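Colleague: One predicted model, sequence on top.
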Amino acid sequence: MKIVIYGSTELGCLIATEFFEDHDITVIDDKENRSDNFSKLDIEYIQGSASDIEVLKKADIRNSDVFIACTDTDEVNIVACLTAKRISGVKTICFVTTRKYNASLGLTKDIEYPCDLYIDHLIWPEEFLTQEIFRTVTVEQALDVENFAEGKAKLLEYKIEENSVLAGKKVRECDFPDETLIVGIMRDEELFIPSGDTELKISDKVIFMGLNSSLNILAGKFFHQEGFIKTVTIIGGGDVGMMLAQNLAKTKIKTKIIELDTKRCEYLAQNLEETLVINGDGTNLALLREEDITSSDVVVSVTNNDEKNLLCSLLVKQAGVKRVISRVMKTMNIPLFEKVGIDVAISADSTAIKEVRNDLYETNVDILATVEQGLGEVLEIKIPNNFKTVKILELKLPVRAIIGTIQRRNKVIIPKGNTLIMPDDALIIFTTSRNVPEIKKYFEGLK
């Protein structure tokens, strides 16, 4: 695979280091001289701007498979991706650093917003950092995990334990987060697809599909160890701290945030109704004692400064907090945090690398995954471009199956009965192995 990376940043170096041994890597940067880290890699280096068509041609963009923009400037990355897409049709991955672009730059082709110029995959590292911290806090106990739709959707399998609030409830009675579906249940060595009236029983293995963020909420709400994590303190009320608090608010975990900036505290208090917001310095030992920091089961330090995160983490660890999670801005500092006793050190860049890996290595074969020793299968069905648009509830499937996700360009949809299936959609379908031939035959016959 030929990959072009724009930006000799730390993130660009991490991506190049991750993939250069198995792929042809070209790095573009405005700087004339590359860093020592890049000099150690067997890659091509081109000086210039990736918004310049001539520079992209020099990088052989038309024969490239993937273009990744990861400079420190969002607007530069966006323009570079759109330029590369326009002249070559290459698959584009764009890194952004702000919430506004992550929320608004959904350049996808659909009925509401038709367009021919778009970005295939937008990555906001802080969003994935938040998800990873949330999973760590809530002690996810999934039996099986499969990634789909360029890492934006997942399949997770959980066991219903004796103390589970789900035991004895019908599927329709369970207050599952939006954008999640139960697609299968393994019971007494038999796999079946449930209905809304199916009752969940102790020892059932339940298979869910949905968006990453919704499945994280599901894990924290129903499958973390009851009584283990009750309270969490977050030091730092930036985007990561706020998003983490929003997710925790949807679980049974009590949360408070310590933030130094007064105006930011006012904003947090207005938007986090179920979270206690404290205006103060997380490095102030007197404040930590006053807030009884040792009563927190987990403390998470997510400021934008490694030195402050390390100091905060050491202070609360020394105070007696059992579990401390710290954000690390520079990936190279992770070993230092771990060496001094921080329980979990997580970097936004390292979580972003995982997202790129999922994107590059996603398979296009019909069978994406198997579950329960092959009793169930996850299929990807590509809808032809001459297909007549139809609602899911209007499909007359010959056997039981569930459409878990619909991928429409870079947009991933968790469908309902009235969701439209459109030309060029990619459907991810869960069914039992014995039903696979009939499902394939059915969709092959649709025009």
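Modeller: Happy to help now that I have it.

Colleague: tell me the domain ranges of the chain?
Modeller: The chain breaks down by automatic domain parsing into domains covering 2-123, 231-353, 363-444.

Colleague: What's the mean pLDDT across the shortest one?
Modeller: Mean per-residue pLDDT for domain 363-444: 84.

Colleague: from the middle of its chain, how far away would it be?
Modeller: Chain-centre distance of domain 363-444: 22 Å, with CA atoms, centre = their mean, to the nearest Å.

Colleague: and if you look at the first one?
Modeller: In terms of CA atoms, centre = their mean, the centre of domain 2-123 is found 20 Å from the chain centre.

Colleague: hmm, back to that, which one of the domains of the chain lies closest to residue 163?
Modeller: Distance to residue 163, taken as CB to CB, is lowest for domain 231-353 among the domains of the chain, at 13.1 Å. Glycine gets a C-beta too; all of them are placed from N, C-alpha and C.

Colleague: Give me the distance between the two termini of that closest one.
Modeller: 30 Å (CA to CA, to the nearest Å).

Colleague: which one of the domains of the chain lies closest to residue 159?
Modeller: Ranking the domains of the chain by their distance to residue 159 (criterion: CB to CB) puts domain 363-444 first, at 12.1 Å.

Colleague: returning to that earlier point: with distance to residue 156 and mean neighbour count as added columns, please give the domains of the chain in JSON lines.
Modeller: Shown next, in JSON lines, are the domains of the chain (distance: least, CB to CB, whole Å; neighbours: other CB atoms under 10 Å):
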{"stretch": "domain 2-123", "distance to residue 156": "21", "mean neighbour count": "18"}
{"stretch": "domain 231-353", "distance to residue 156": "16", "mean neighbour count": "19"}
{"stretch": "domain 363-444", "distance to residue 156": "11", "mean neighbour count": "16"}
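
Colleague: low-scoring stretches of this protein, by residue?
Modeller: 33-35, 102-117, 139-143, 145, 150-151, 224-228, 358, 361-368, 373, 446-447 (pLDDT under 70).

Colleague: and the gap between the residue located most distally from the centre of it and residue 319?
Modeller: Residue farthest from the centre of the chain, counting by CA atoms, centre = their mean, is residue 286 at 36.9 Å. Distance of residue 286 to residue 319, computed by CB to CB, to the nearest Å: 12 Å.

Colleague: go on, residue 29?
Modeller: From residue 29 to residue 319 the distance is 44 Å (CB to CB).

Colleague: One more: residue 254?
Modeller: Taken as CB to CB, the span from residue 254 to residue 319 is 18 Å.

Colleague: Tell me which helix or strand the closest residue to residue 433 other than its chain neighbours sits in.
Modeller: In this structure, residue 433 finds its nearest non-sequential neighbour in residue 377, 5.3 Å apart by CB to CB, 6 or more residues apart in numbering. Assigned by DSSP states H and E, residue 377 belongs to strand 376-382.

Colleague: What of residue 101?
Modeller: Going by DSSP H and E, residue 101 is part of helix 99-104.

Colleague: got the residue ranges for the helices in the protein?
Modeller: If you assign secondary structure with DSSP state H, the helices in the chain sit at 10-19, 36-39, 53-58, 74-88, 99-104, 125-138, 212-218, 239-249, 262-271, 285-290, 306-319, 334-339, 348-361, 436-444.

Colleague: could you dump those helices to JSON lines with distance to residue 278?
Modeller: Output for those, formatted as JSON lines (distance: least, CB to CB, whole Å):
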{"stretch": "helix 10-19", "distance to residue 278": "32"}
{"stretch": "helix 36-39", "distance to residue 278": "40"}
{"stretch": "helix 53-58", "distance to residue 278": "49"}
{"stretch": "helix 74-88", "distance to residue 278": "31"}
{"stretch": "helix 99-104", "distance to residue 278": "23"}
{"stretch": "helix 125-138", "distance to residue 278": "19"}
{"stretch": "helix 212-218", "distance to residue 278": "24"}
{"stretch": "helix 239-249", "distance to residue 278": "12"}
{"stretch": "helix 262-271", "distance to residue 278": "8"}
{"stretch": "helix 285-290", "distance to residue 278": "8"}
{"stretch": "helix 306-319", "distance to residue 278": "13"}
{"stretch": "helix 334-339", "distance to residue 278": "24"}
{"stretch": "helix 348-361", "distance to residue 278": "24"}
{"stretch": "helix 436-444", "distance to residue 278": "54"}
